[in-house]
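Student: No letters, just coordinates:
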């Protein structure tokens with residue numbers, strides 16, 4: 001761990017204890033066997049049950065992350081999320097996701113130094129400042145910023161850098177046997193190949209090729225600087241240069257507020273970033289991989305992830321949780337509100353998850369941390385919101401929790417943590433992207449090493465043999 005992060009951990013031992021207590025409780029409620037059929041080596045082709053929206057489909061294999069929804073597990077490269085939150089840092093976790101192993105001291109120091117230097121994106125920020133950000137969704141501004149980083153930091157827009165179609169694999173012929181007789185094969189043939197692009201002679205010095213670890217690091221750092229700048233510009237304030245004495249999480253808070261965060265605030269943001277860094281084949285990760293599989297580049301692929309995360313079915317739920325708690329008003333209103341919501345079959349935001357049928361491990365950590373930060377530094381409003389949230393959780397746990405295995409998810413408490421640190425609600429989802437970019441980029445690197453373009457099929461349910469009718473006879 002770097003000296004900066006060592007200091008942060010040393011001064012926040014009480015937060016480490018809270019996380020370890022959450023880990024102990026979680027491990028007491030689950031067993032240690034992974035899911036059969038969803039772990040281990042794959043021999044293609046495989047059979048699986050697929051629902052609408054590719055639900056249940058197996059699209060690829062990965063070593064990066066594993067989610068066991070039945071038991072409430074979240075694993076990064078073999079490491080349990082509780083251990084990482086208690087003992088690691090976002091910088092170290094990002095290294096782990098990208099490289100597949102924890103760094104030694106020299107490797108981590110070099111990685112952290114590069115990340116800090118990559119926080120400086122003055123040319124990109126100058127262009128972003130020309131946008132009417134007060135009229136833009138912050139996620140739209142963030143996606144635009146990612147494209148501006150691509151233009152400035154890579155040589156991909158050079159005419160000589162355009163990818164050659166001849167270097168791609170024509171996968172439509174080998175993916176489904178006998179689909180186009182007589183050219184098809186009796187059995188499917190699966191080829192995986194990546195061809196390294198050559199650096200153009202006219203490329204700018206220090207420009208990257210948008211397909212390696214350095215590109216990933218530019219994006220991990222850049223998302224933080226862009227999000228902080230977007231927040232400040234929307235408040236009619238100028239962006240702030242990063243502080244080299246702060247961690248990645250500390251700089252994120254500093255560049256947003258202009259004030260050096262307390263060790264507790266720095267650590268809370270660090271834990272939040274770790275918790276959101278990766279989470280299986282979710283919609284934004286899948287969107288990023290689909291774009292990457294076409295032989296596009298990491299910047300465009302991350303832009304697709306940002307676009308997917310902007311959708312209300314994926315990102316933004318923690319904003320809605322705060323709005324819901326504001327609507328309820330206080331703990332004393334919970335019972336009446338819940339009974340009315342249940343009679344109207346209204347969804348309770350922040351509860352339930354597409355994958356988890358046990359308590360979300362991220363919520364196990366964020367719940368007590370929300371209690372911690374609110375009791376220490378939260379406003380009267382934040383304390384009322386938290387008290388309302390705790391009362392509502394008890395109500396849901398005694399009803400829906402027992403019947404339908406519905407528990408709080410990561411969004412239920414993350415917004416309360418951010419609220420207590422004075423972060424505005426419209427920045428909650430960009431913060432999600434600041435963290436998840438490490439998972440997106442790691443999975444993109446992993447996938448394109450053995451790339452195969454995504455090519456699912458649709459089941460045609462339309463008509464046949466319809467006759468064309470001339471326009472004057474319709």
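Tutor: Perfect, I can see it now. Since this is a predicted model, take the numbers as computed values, not measurements.
Student: What distance do you get for residue 150 to residue 140?
Tutor: Look at residue 150 and residue 140: by C-beta to C-beta, to the nearest Å, they are 16 Å apart. The way it works is simple: take the backbone N, C-alpha and C, and place the C-beta from them, glycine included.
Student: And the two? Which one has more around it.
Tutor: residue 150 (24 against 16; other C-beta atoms under 10 Å).
Student: Against residue 345, how distant is the residue nearest to that one when sequence neighbours are not counted?
Tutor: Spatial nearest neighbour of residue 150, excluding adjacent residues (C-beta to C-beta, 6 or more residues apart in numbering): residue 299 at 3.4 Å. As judged by C-beta to C-beta, residue 299 and residue 345 stand 43 Å apart.
Student: circling back to that earlier point, mind listing residues that contact whatever helix or strand the residue nearest to residue 150 lives in?
Tutor: Taking DSSP states H and E as the definition, one finds residue 299 inside helix 298-310. Contacts to helix 298-310, defined as C-beta atoms under 8 Å, 6 or more residues apart in numbering, come from residues 137, 139-140, 142-143, 146-147, 149-150, 154, 156, 210-211, 215-216, 219, 283-292, 314-316, 429, 432-433, 436-437, 440-441, 444-445.
Student: out of these, which are buried?
Tutor: Burial by neighbour count, 16 or more other C-beta atoms under 10 Å: within the contacts of helix 298-310 this picks out 139-140, 142-143, 146, 149-150, 154, 156, 210-211, 215-216, 219, 283-292, 314-316, 429, 432-433, 436-437, 440-441, 444-445.
Student: circling back to that earlier point, can you tell me which of the contacts of helix 298-310 end up in helices?
Tutor: Mapping the contacts of helix 298-310 onto helices (DSSP state H) picks out 139-140, 142-143, 146-147, 149-150, 215-216, 219, 283-292, 429, 432-433, 436-437, 440-441, 444-445.
Student: just to revisit the earlier point, same drill for residue 299 and residue 345, tell me which one is more crowded.
Tutor: The neighbour count for residue 299 versus residue 345, taken as other C-beta under 10 Å, is higher for residue 299 (25 against 6).
Student: per-residue confidence at the more buried one?
Tutor: For residue 299, the pLDDT comes out at 95.
Student: So for residue 90, what's the pLDDT?
Tutor: 98.
Student: how about it, what does it touch?
Tutor: Shown in contact with residue 90 (C-beta under 8 Å, 6+ apart): 247, 248, 249, 270, 273, 274, 277, 435, 438.
Student: and which of those residues is nearest residue 422?
Tutor: Nearest to residue 422 among the contacts of residue 90: residue 249, at 15.0 Å, using C-beta to C-beta.
Student: Make sure the closest one is actually in contact with residue 269.
Tutor: Yes - between residue 249 and residue 269 there is a contact under C-beta atoms under 8 Å: 4.0 Å.
Student: quick one: the strands in the protein?
Tutor: Taking DSSP state E as the criterion, the chain carries its strands at 65-68, 73-76, 79-80.
Student: Deepest in the core, which of those is it.
Tutor: strand 73-76 (a mean of 22; mean count of other C-beta atoms under 10 Å).
Student: List the residues that contact residue 355.
Tutor: 67, 69, 280.
Student: As CSV, these with pLDDT and distance to residue 353 would be great.
Tutor: Shown next, in CSV, are the contacts of residue 355 (pLDDT from 0 to 100; distance: C-beta to C-beta, whole Å):
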residue, pLDDT, distance to residue 353
67, 89, 10
69, 77, 7
280, 90, 11
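Student: lowest-pLDDT helix or strand in the chain?
Tutor: Lowest by mean pLDDT, DSSP states H and E among the helices and strands of the chain is helix 402-404, with a mean of 67.
Student: quick one on the thing from earlier: can you list the contacts of residue 90 in TSV and add distance to residue 362, neighbour count and pLDDT?
Tutor: Output for these, formatted as TSV (distance: C-beta to C-beta, whole Å; neighbours: other C-beta atoms under 10 Å; pLDDT from 0 to 100):
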residue	distance to residue 362	neighbour count	pLDDT
247	20	28	96
248	19	25	97
249	16	27	97
270	14	27	97
273	12	27	98
274	9	26	98
277	11	27	97
435	11	24	98
438	15	28	98
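Student: got TSV for those, with distance to residue 60 too?
Tutor: Formatted as TSV, those follow (distance: C-beta to C-beta, whole Å):
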residue	distance to residue 60
247	33
248	28
249	30
270	30
273	25
274	24
277	19
435	22
438	19
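Student: Let me know the closest of the residues you listed to residue 224.
Tutor: Checking those one by one against residue 224 (C-beta to C-beta), the nearest turns out to be residue 248, at 6.6 Å.
Student: Is it correct that that closest one is in contact with residue 272?
Tutor: No - assessed by C-beta under 8 Å, residue 248 is found out of contact with residue 272, at 11.8 Å.
Student: Let me see the ranges of the helices in the stretch 201-350 of the chain.
Tutor: For the stretch 201-350 of the chain, the helices defined by DSSP state H, counting those that start in this stretch occupy 213-234, 248-257, 263-276, 283-293, 298-310, 317-328, 334-343.
Student: of all those, which lies closest to residue 88?
Tutor: Nearest of these (C-beta to C-beta): helix 263-276, 6.8 Å.
Student: Now do that closest one against helix 213-234, angle only.
Tutor: Here helix 263-276 runs at an angle of 120 degrees relative to helix 213-234 (axes from the mean of the first three to the mean of the last three C-alpha atoms, to 10 degrees).
Student: Could you check the angle helix 263-276 makes with helix 248-257?
Tutor: Using the same axes, to 10 degrees: helix 263-276 against helix 248-257 is 110 degrees.
Student: Counting by contacts, list what helix 263-276 packs against.
Tutor: For helix 263-276, the packing partners by 3 or more C-beta pairs under 8 Å, 6 or more residues apart in numbering; DSSP states H and E come out as helix 3-10, helix 13-28, helix 81-87, helix 90-99, helix 248-257, helix 361-377, helix 410-420, helix 428-448.
Student: Quick check: residue 86 vs residue 96, distance?
Tutor: 15 Å.
Student: so where's the stretch 301-450 of the chain shaky on pLDDT?
Tutor: 354, 378, 401-404 (pLDDT under 70).
Student: Perfect, I'm done here.
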